[in-house]
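Novice: model the structure of this input:
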Amino acid sequence: MIATRQPADFTPKDYFDWESKQPVRYEYFDGQVFAMAGGTLQHADIALNVALLLRRSLGDRCKVRNSDAKVGITADGPFVYPDVSVTCDQQDFSAQQFSQHPCVIVEVLSASTEAYDRGGKFALYRRLESLQAYILISSEEQLVEVFRQDEKGQWIFTVYGENDCVDLTTLNVTLPLAAIYENVAMEQPARFPEG
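Specialist: Residues are numbered from 1 along each chain as shown. Model prediction:
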């Protein structure tokens with residue numbers, strides 16, 4: 001998703017009141033709001049596949065939410081929209097405006113957001129004490145990168161390729177890459193005549 005800044009200086013309450021009347025979603029950072037633009041069909045298909053896989057695997061023990069659901073880094077923000085989030089915290093089950101205790105967050109990468117998802121957004125997510133895994137999924141090739149927090153609070157990085165399965169031990173769930181990318185029409189690279 002691409003964000004464009006709107007001139008404003010909102011309190012969190014102002015933001016929630018104002019955003020509920022808007023035709024598009026906005027992320028919130030220190031009084032400023034940023035419109036979220038749509039993604040590609042590949043992006044949407046991958047995010048839906050992941051959400052469905054997680055929902056089927058977890059049943060009612062956790063909430064799996066799509067990109068319409070906000071995550072609050074604190075009760076006063078920032079407020080962001082991950083592509084998929086999973087919370088197993090009962091406080092989030094009855095939340096009305098945002099989750100604050102996700103254990104897994106998934107972002108589907110695109111050329112316009114990859115740097116932010118890897119850098120600034122991951123820095124925000126690391127402030128969540130509940131977060132145990134951050135998953136980055138390529139929309140250009142079958143490639144998944146997972147950052148997991150170990151018992152010492154260190155983030156361990158693992159890369160998964162085409163025939164692999166992503167093992168989310170914190171949720172006792174395995175996600176085959178074949179299922180993550182099922183029915184996704186990957187963009188074909190431009191071909192140039194040889195000569």
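Novice: where are the low-confidence patches of the protein?
Specialist: Flagging of the chain using pLDDT under 70 yields the residue ranges 1-8, 187-195.
Novice: ok, the lengthiest strand in the chain: who's next to it in the sheet?
Specialist: In the chain, taking DSSP state E as the definition, the longest strand is strand 102-109. Sheet pairing of strand 102-109 (DSSP bridges) gives strand 84-87 (antiparallel), strand 133-138 (parallel).
Novice: bridging residues for the closest residue in space to Val86 that isn't next to it in sequence?
Specialist: With Cβ to Cβ, 6 or more residues apart in numbering as the measure, Val104 is the residue that lies nearest to Val86, at 4.1 Å, once sequence neighbours are left out. Yep, even glycine has a C-beta here, placed from its N, CA and C like the rest. Val104 has the following beta-bridge partners by DSSP bridges: Val86, Ala133.
Novice: you'd agree Val104 is up against Thr170?
Specialist: Yes: counting by Cβ atoms under 8 Å, Val104 does reach Thr170; the two are 7.0 Å apart.
Novice: between the two, which contacts overlap?
Specialist: Residues touching both Val104 and Thr170 comprise 132-133, with contact defined as Cβ atoms under 8 Å, 6 or more residues apart in numbering.
Novice: so which of those two has more stuff around it?
Specialist: Using other Cβ atoms under 10 Å as the criterion, Val104 and Thr170 rank with Val104 on top: 27 against 15.
Novice: who are the contact partners of that one?
Specialist: 54, 84-86, 131-135, 168, 170-171.
Novice: turn these into a markdown table, columns for distance to Ser110.
Specialist: Listed next are those as a markdown table, based on distance: Cβ to Cβ, whole Å:
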| residue | distance to Ser110 |
| --- | --- |
| Leu54 | 21 |
| Val84 | 15 |
| Ser85 | 18 |
| Val86 | 21 |
| Leu131 | 22 |
| Gln132 | 25 |
| Ala133 | 21 |
| Tyr134 | 17 |
| Ile135 | 15 |
| Leu168 | 23 |
| Thr170 | 26 |
| Leu171 | 25 |
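Novice: list only buried entries from those.
Specialist: Burial by neighbour count, judged by 16 or more other Cβ atoms under 10 Å, picks out 54, 84-86, 131-135, 168, 171 from the contacts of Val104.
Novice: in this structure, which spans are helices?
Specialist: For the chain, applying DSSP state H gives helices covering 12-19, 41-58, 90-93, 114-118, 120-125, 177-180.
Novice: now tabulate these in JSON lines and tack on distance to Tyr28.
Specialist: Formatted as JSON lines, those follow (distance: least, Cβ to Cβ, whole Å):
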{"stretch": "helix 12-19", "distance to Tyr28": "5"}
{"stretch": "helix 41-58", "distance to Tyr28": "21"}
{"stretch": "helix 90-93", "distance to Tyr28": "18"}
{"stretch": "helix 114-118", "distance to Tyr28": "15"}
{"stretch": "helix 120-125", "distance to Tyr28": "11"}
{"stretch": "helix 177-180", "distance to Tyr28": "29"}
